[in-house]
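**Q** Okay, predicted coordinates and the sequence, questions at the end:
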Amino acid sequence: MKNIFERYKISLDDEILKKFERYRELLQETNKIHNITAIEDDEKIGVWHFLDSVQIGKTLEPLPKNILDMGSGAGFPGLVLAIIYNESHFTLVDSVSKKTAFLEVVKKELSLSNVTVLHHHLTEKNSLKKRFELVLSRAFMKPDAFIKFAQKYLGNSGKTVLTLTENQNETFIKNNDISQWEIKSYPFEEKTRYVLISK
């Protein structure tokens, strides 16, 4: 996995890389029994899950203390970011029990004290009854719907994070007031991905 990050000039210490390797092993082992992710190949897991999540984190630095990952699935990006940014606390929420069970296994295996996993169905009325400094998701719902949904979970001065493909970003720019957003980007597999952070 180290060579994947080196291709993108991202330097991670050996301890983090070891945790990523173990995370990948657990994902592949679990996927033989439960369908956690459609991506199973070592290289593709490294690129499409780990690298992509790390690149999202890099655009958000410095990260706030209290972060919500909506529809965390197998932990991307929230659990990956928790491994790197241990001074932030990540609440990972998913409504699928096999996925939250997997997240709990990884949390325990990697001794991640900065992670809370919740098997929970999020609603527009803030079913967690908590508020966060940052709300993000990689594939929870369409951008416009996610913005409205995430608002209910944001504390004062909290920020929403959109992660968009090139096509999604073009559509979003055409249909929204971009002055309300800080737009960042990163290279990914000969394309560009975008991270939009509400101001």
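**A** Received it, and whenever you're ready, just let me know what you need. Residues are numbered from 1 along each chain as shown.
**Q** for the strand or helix carrying residue 58, packing partners?
**A** Using DSSP states H and E, residue 58 sits in helix 52-60. If you count contacts as 3 or more C-beta pairs under 8 Å, 6 or more residues apart in numbering; DSSP states H and E, helix 52-60 packs onto helix 78-84, strand 132-136, strand 154-164, strand 181-188, strand 191-198. For every residue, glycine as well, the C-beta is placed using N, CA and C.
**Q** Just the mean pLDDT for the third one, thanks.
**A** The average pLDDT within strand 154-164 is 96.
**Q** got the angle for it vs strand 132-136?
**A** 20 degrees (axes from the mean of the first three to the mean of the last three C-alpha atoms, to 10 degrees).
**Q** picking that back up, mind listing what whichever helix or strand comes after the helix holding residue 58 pairs with, with the direction of each?
**A** Sequence order places strand 66-70 as the next helix or strand after helix 52-60, per DSSP H and E. Partners of strand 66-70 in the sheet, by DSSP bridges, are strand 89-94 (parallel), strand 132-136 (parallel).
**Q** want to throw the helices and strands packed on helix 52-60 into TSV with mean neighbour count and distance to residue 29?
**A** Shown next, in TSV, are these (neighbours: other C-beta atoms under 10 Å; distance: least, C-beta to C-beta, whole Å):
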stretch	mean neighbour count	distance to residue 29
helix 78-84	25	16
strand 132-136	24	27
strand 154-164	18	27
strand 181-188	16	27
strand 191-198	18	29
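**Q** Kindly reformat those as a markdown table containing distance to residue 93.
**A** Output for these, formatted as a markdown table (distance: least, C-beta to C-beta, whole Å):
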| stretch | distance to residue 93 |
| --- | --- |
| helix 78-84 | 9 |
| strand 132-136 | 10 |
| strand 154-164 | 15 |
| strand 181-188 | 24 |
| strand 191-198 | 20 |
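**Q** Grab the most central residue of the chain for me.
**A** Within the chain, the residue whose C-alpha comes closest to the C-alpha centroid is residue 77; the distance, by C-alpha atoms, centre = their mean, is 1.9 Å.
**Q** can you pull the contacts of it?
**A** 52-53, 56-57, 69, 136, 138, 163 (C-beta atoms under 8 Å, 6 or more residues apart in numbering).
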